[in-house]
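A.B. asks: sequence-free structure coming up:
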Ligand SMILES: Cc1cc2nc3c(=O)[nH]c(=O)nc-3n(C[C@H](O)[C@H](O)[C@H](O)COP(=O)(O)OP(=O)(O)OC[C@H]3O[C@@H](n4cnc5c(N)ncnc54)[C@H](O)[C@@H]3O)c2cc1C
C-alpha cells in the first residue's frame, strides 16, 4: 500500500451524503419544467406479432394529447449499440418503435400529453390490429431447425445478415489442442450449469427528461451511465449533429448495468421533445422496468481435464446465452465470456465457444459482472466438485492452477489482453480460510434438521476494457481541474455516480494530488459541452481509468501551482511539496505559502489560472480479485437456506475509499445471495413476465442480509493505477452465488447446477437423495 | 384514483359516508396496502378515502368476556400490549404480529386493515381464526358481530356490506391451559406466505379438549382453512409428540394446497406437515404454561 497518504485510503463521507439524507439531492425524476409533457409507451400484449393496422386518430384528438408516434414516425434504418466499438460490427436489429413486436412489452407507439392520466387514456384509444406470429421462449427451442425466426435479418456493416437458428452472434477462442489435452489428462470433469435472469432492480426507475432550448439545441437528463454515449446515440439515431444535444450528468439512484447505454427510451423522449418543441418526461413504471433489462441467462457446458495431482491440463467451455428479442449487448457478453472463462485458471489447452440466441423474451442487458457471474458459477462449482472427487483441498486446487502475476489474461474479448501485475489471490485464499476456520469446516454441525456448511469461491474482474494491444473498445477517460482563489479545487468529469461513491473517490484522488482536503474539492456539474470524453461508467473502470484521468489532470494543475509558488518562495518547483492547502519548501517547514495565496498572486500578476486537463486511456485492465467464504444453514425439512456468515476478501490494489470498497462488497454480497437463492424474472406460457413488482419478484431485503459479514482487503498496489488502485464494483458480486451453492453442497452433499436454488428445489433434491 | 380524503370524527359519519358513496369510498387504516391495491387497479373506482384514526379505536381492553382490540390499533401497539403478549393463549397473535418483519409496516398497519383486506395470505387472518376471534362491525343500520370465520368470503372479499366498517376485533376469554401459535414460510420478509398455519390447543388433564388447525396462505379457497379432519383426530387424545405428528400428517393429507408461482402444491403439502407439527408443539407447550 502507498505510504504518506492523507486523503486517499481514508474513509470519508460521500460528497452527496447530506443531499441524499435530507432529500434535497436532485435526481432526474425531480426535474420539472413549465409546460412539461409526460410520455407513455404502448406495449405489445403479444410475444411475437406484426402490427397489421394501427389507428391513432382518436388518441390524437383527445384533449391534452400533443403527439402520438408509431413505428411509421421513427427512423426506419435499424440501429445497434455502436458508440463503444467499431460501428461496422454492431448488430442493427431494432428501432425506436417497432412494427413487429418481439417480446410482451415491446414498444409499439408512444404518446406525449399534458399529464400521465391523459397519456393513459390516449393509449387506450389507440386501435391496433396485430397478426400473431409464432413465439419461442427458450434457447433450446430457438436453436432447433424450423423454430420460429425472431429476426429474419439484421444489418451489420451495411450488409443484411440472416441469423441461422436464431443465432445472432458467435465468439470462439482457443489455445493448444483441447482434445489432445483431454487425452493427456488423468481425470476428466464434465458439467452443465444454468443461470437465471435477475433484474438489476435499481431503486430509481428509468426516467428521461428532454428539453428543447431557445437556441435550437436539446438538453437531456437521464438515468444513464454515460453522457457521451447518450449524446452519441440520440444524435446518430435522429440525424442530429452532436453539437445539437447537451447531455447532463445527474446522480442516478442505482444502475448496476441496466442504465449502461442508451436503449429506446431516451431517443423516443428526444423525438417527442423535438416534435412538440416542449419539454418531455418519460418515466417507466416499476413493471416496465422489470421487462426492460435483466441478466443474460446462460447455459454453460464445462469440460476440464486434470492430472491426478490436480494440475489443470485442458479446459473447454461451450456457452449459450439467451439474448431475448433484440441484441442489446448480446454480442458483447458472448465475447466477454472469453475472458471470464480464460482468465481464472491456467491450462496448456483452452477453448471457448459462445453464442447468443434470439428468443421472443424481453432483451437482457448488462448487469454487474457482465457474464462473469455466469461463468464463475460454472467454473467455481466445477472446481469445488473436482477437488472433492480428486481428494484435494478446494483451496489447494485453486492455488495450484490460478492465473497469477506475469500471466496473460483476457477480458471483454479475445483481443483484450493484459499481463497480471498485482495479484494477491494467495493471500485472499489463505486469509479467508483462516477467518472462517476452513481447516475445521467439517466440524460445523452437519446432521439433523438444520445442517450447516461452509463453502468458498474466488472471482475477479477487469478494471477497464483496455489491453496492451488496442482492444477496439472505447475506454478513454478525461478530467478538467481548476484551482480557485480560496484553495478549493473544481473537478469536471463525465463519469456517472449511481450511488457507488465514485465521484467521492475521484474527489479524494484530486485532493490527494493537490494537497487539499476532500471537502475542498467541488465536483462540478458536468455535461457533454464542458466535460472531456469519458466512455461510460461500466466495467469497474471508474477508479482505474476515470481516477487515472483525474490524477493526471490534477498533476497537470500542480505544475503551474508549483511553478508559481516557486516564484513566491524563490525556490525551484522540484523542491516544493503540497500539504494542508499550502506549498512548502521541502525540509524547510517555515517557508511556505498557501495555495489560495498562490492562486491570488497568479491572478494579480497575470501569470494565469491554475488549471489542469487530461485525456487518458489505460494500457491494461488490471484485474481485481476477490474471495467469498460463506456459511449457510439448510433446513432439511423445508429446504430453506440461510446465509449466516460471509467473509468477503478483495485485492483492489490501494483502496481509495476503504469504506466505499466495503460498501461494494456488502452490496455485491446481497445481490449475489439473491442470485443464488431467489432472484429471477420469470414468464408464463405466453411470454408475459409474471413477477413485475416486489410482491412477486423476490430479492433480499435488509432483513435477509446476513448479520455477520466480515470484509478484508489484501495489502496490494497496482503500479498502473492511480495511487496504486484497481476496481472492485463487479468482482464484489461475481463469486458470491457460487460460494453460497458450494456451501449448500458442503451442508447437504447436493450440488445444484441451476440457479436460483429455491427452498422447493432443495427439499426436492434432499428427498430424492434420501 | 382517490381524490377526497376525509378525516371522520364519529362512526356515524363513517357509516353515512360509506352508505352514500358505496363502492366509491373506502375506509383507510394504516394505508400500508393502498399502493398495492392501486397498482393492481383495485382502487380505480374509488374516489373517497375515509380516515378513522380520530374515532378513538386504538385500544386493547380486557374484561371478563375477553379482549377487545380497536380497529385502529397498530401492530406495534398490539405487540406491546400486556393483555395480549402475557397470555400464552394469545401466542398465535404474538407470533403473527412479530412475523410481519418490516418495522415501518408494523408501526403503521392496523388490525382493522389486516382483517378487512380479505387476504388469507396475510398473517393475522389465520391467527385470528385460531383464537376464535369475533368481528364487530358498525353499519348505517346498526352494529353486528360475527365469527371471524364467517367474515372471510374469498380473495379480497369479506362479509362487509355497504355502509359497514370494522370497529373492533374481540377475542373471547379462552379457558385456562390454552396455548396458540403461528408459523409461516416465506421467501423474503415482504412476501405473502408460501404457507402459513395457526393452531390453538386447550388442555384438560394433559388431554386435548379443544383444538384448531388453520391454514392461511397457500391453500385453495382464498380464505383461512381449518383442517377439521386433523382437528378431530386430536381431540381427546393425549398431547404427545405422536399425536401431534398424526395431526400434522392428517392436516397435510386432507387439505387442498395451491399450486402457483410461489410454490407447487406438492411442496406445500410437504412443508405443511412441518409447520403444523411445530405450531401444535408450540401451542401445547404454551397451553401447559397458560394460567387463564
Ligand atoms: C412492505 C410490506 C410488507 C408486508 N409484510 C407483511 C407480512 O409479512 N405479513 C402480513 O401479514 N402482512 C404483510 N404486509 C401487509 C400488511 O399486513 C397490510 O398492508 C396491513 O395489514 C394493512 O393494514 P392497514 O391498516 O395499513 O390497511 P389499509 O392499507 O389502510 O387498508 C387495507 C384495506 O382494508 C380496508 N380497511 C382498513 N381498515 C378498515 C376498517 N376498519 N374497516 C373496513 N375496511 C378497512 C381498506 O379500505 C383497504 O381496502 C406487508 C405490507 C407491506 C407494505
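C.D. replies: Now that the structure is in, tell me what you want to look at. Since the model is a prediction, treat every value here as computed from it, not as a measurement.
A.B. asks: In this structure residue A:571 contacts residue A:585, no?
C.D. replies: Yes. The criterion here is Cβ atoms under 8 Å, and residue A:571 meets it with residue A:585 at 4.9 Å. Where you see a C-beta, it was placed from the backbone N, CA and C, and this is true even at glycine.
A.B. asks: Show me whatever sits in contact with both of the two.
C.D. replies: Common neighbours of residue A:571 and residue A:585 (criterion: Cβ atoms under 8 Å, 6 or more residues apart in numbering or on different chains): residue A:591.
A.B. asks: just the helices in chain B please.
C.D. replies: Secondary structure of chain B (DSSP state H): helices at B:11-21, B:34-39, B:75-80, B:82-85, B:91-99, B:103-108, B:111-116, B:124-130, B:148-151, B:228-234, B:241-254, B:265-289.
A.B. asks: and among those, the most buried is which?
C.D. replies: Ranked by mean neighbour count under mean count of other Cβ atoms under 10 Å in any protein chain shown, those are led by helix B:124-130, which reaches a mean of 30.
A.B. asks: distance between it and the chain's centre?
C.D. replies: Offset of helix B:124-130 from its chain centre (Cα atoms, centre = their mean, to the nearest Å): 3 Å.
A.B. asks: who's in contact with it?
C.D. replies: Residues from elsewhere that reach helix B:124-130 (Cβ under 8 Å, 6+ apart): B:92-93, B:95-97, B:111, B:114-115, B:119-120, B:148-149, B:152, B:169, B:171, B:180, B:182, B:196-200, B:212, B:214-217, B:223-224, B:226.
A.B. asks: One more pass at 7 Å, please.
C.D. replies: B:92-93, B:96, B:111, B:114-115, B:148-149, B:152, B:169, B:180, B:182, B:196-200, B:212, B:214-216, B:224, B:226 (Cβ atoms under 7 Å, 6 or more residues apart in numbering or on different chains).
A.B. asks: Would you mind splitting the chain into its domains for me?
C.D. replies: Picking chain A for this. For chain A, the structural domains run A:17-25+A:476-616, A:31-133+A:207-283, A:298-468+A:620-769, going by automatic domain parsing.
A.B. asks: meant chain B actually
C.D. replies: Chain B breaks down into these domains under automatic domain parsing: B:4-53, B:55-172, B:178-289.
A.B. asks: quick one: the last one near chain A?
C.D. replies: To tie it back to what came earlier, the one meant is domain B:178-289. Yes. Using Cβ under 7 Å from any Cβ of the partner chain, domain B:178-289 reaches chain A at B:185, B:187-192, B:261, B:263-264, B:267, B:270-271, B:274.
A.B. asks: got those residues as CSV, with pLDDT and distance to residue A:204 columns?
C.D. replies: As requested, the residues of domain B:178-289 next to chain A are exported to CSV (pLDDT from 0 to 100; distance: Cβ to Cβ, whole Å):
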residue, pLDDT, distance to residue A:204
B:185, 96, 32
B:187, 94, 24
B:188, 94, 21
B:189, 93, 22
B:190, 90, 19
B:191, 90, 23
B:192, 90, 26
B:261, 89, 27
B:263, 96, 32
B:264, 97, 35
B:267, 98, 36
B:270, 98, 40
B:271, 98, 37
B:274, 98, 40
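A.B. asks: ok, the nearest residue to residue A:476 once chain neighbours are set aside to the ligand distance?
C.D. replies: Once flanking residues are discounted, residue A:476 sits nearest to residue A:617: 4.5 Å by Cβ to Cβ, 6 or more residues apart in numbering or on different chains. As judged by Cβ to the nearest ligand atom, to the nearest Å, residue A:617 and the ligand stand 46 Å apart.
A.B. asks: and what of residue A:768?
C.D. replies: The spacing between residue A:768 and the ligand, counted by Cβ to the nearest ligand atom, is 31 Å.
A.B. asks: Just the element for that residue, please.
C.D. replies: For residue A:768, the host element (DSSP states H and E) is helix A:759-769.
A.B. asks: Am I right that residue A:314 falls within a strand?
C.D. replies: Yes. Under DSSP: H, G, I helix; E, B strand; the rest coil, residue A:314 sits within a strand.
A.B. asks: what about it, neighbour count?
C.D. replies: Neighbourhood size, residue A:314 [other Cβ atoms under 10 Å in any protein chain shown]: 24.
A.B. asks: tell me the pLDDT at it?
C.D. replies: Listed pLDDT for residue A:314 reads 98.
A.B. asks: so the closest residue to it other than its chain neighbours, which of the three states?
C.D. replies: Leaving aside its sequence neighbours, residue A:314 sits nearest to residue A:181 (Cβ to Cβ, 6+ apart; 2.5 Å). Secondary structure state of residue A:181, per three-state DSSP, is helix.
A.B. asks: Determine the number of other residues adjacent to residue A:181.
C.D. replies: 24.
A.B. asks: For the ligand, see how far away it is.
C.D. replies: Counting by Cβ to the nearest ligand atom - residue A:181 and the ligand are separated by 53 Å.
A.B. asks: What of residue A:577?
C.D. replies: Separation of residue A:577 from the ligand (Cβ to the nearest ligand atom): 55 Å.
A.B. asks: ok, residue 41 - contacts?
C.D. replies: Just so you know, I chose chain A. Residue A:41 makes contact with A:107, A:110 under the criterion Cβ under 7 Å, 6+ apart.
A.B. asks: wait, is it part of a helix?
C.D. replies: No. Residue A:41: not assigned to a helix; according to three-state DSSP it is strand.
A.B. asks: What residues of stretch B:23-36 count as buried?
C.D. replies: Of all the residues in stretch B:23-36, those buried under the rule 16 or more other Cβ atoms under 10 Å in any protein chain shown are B:25, B:26, B:27, B:28, B:29, B:30, B:32, B:33, B:34.
A.B. asks: tell me the two of the residues you listed that are most distant?
C.D. replies: Within the buried residues of stretch B:23-36, two members stand farthest from each other by Cβ to Cβ: B:25 and B:32, at 18.9 Å.
A.B. asks: shouldn't residue A:407 be in contact with residue A:417?
C.D. replies: No. Using Cβ atoms under 7 Å, residue A:407 is not in contact with residue A:417; the gap is 11.1 Å.
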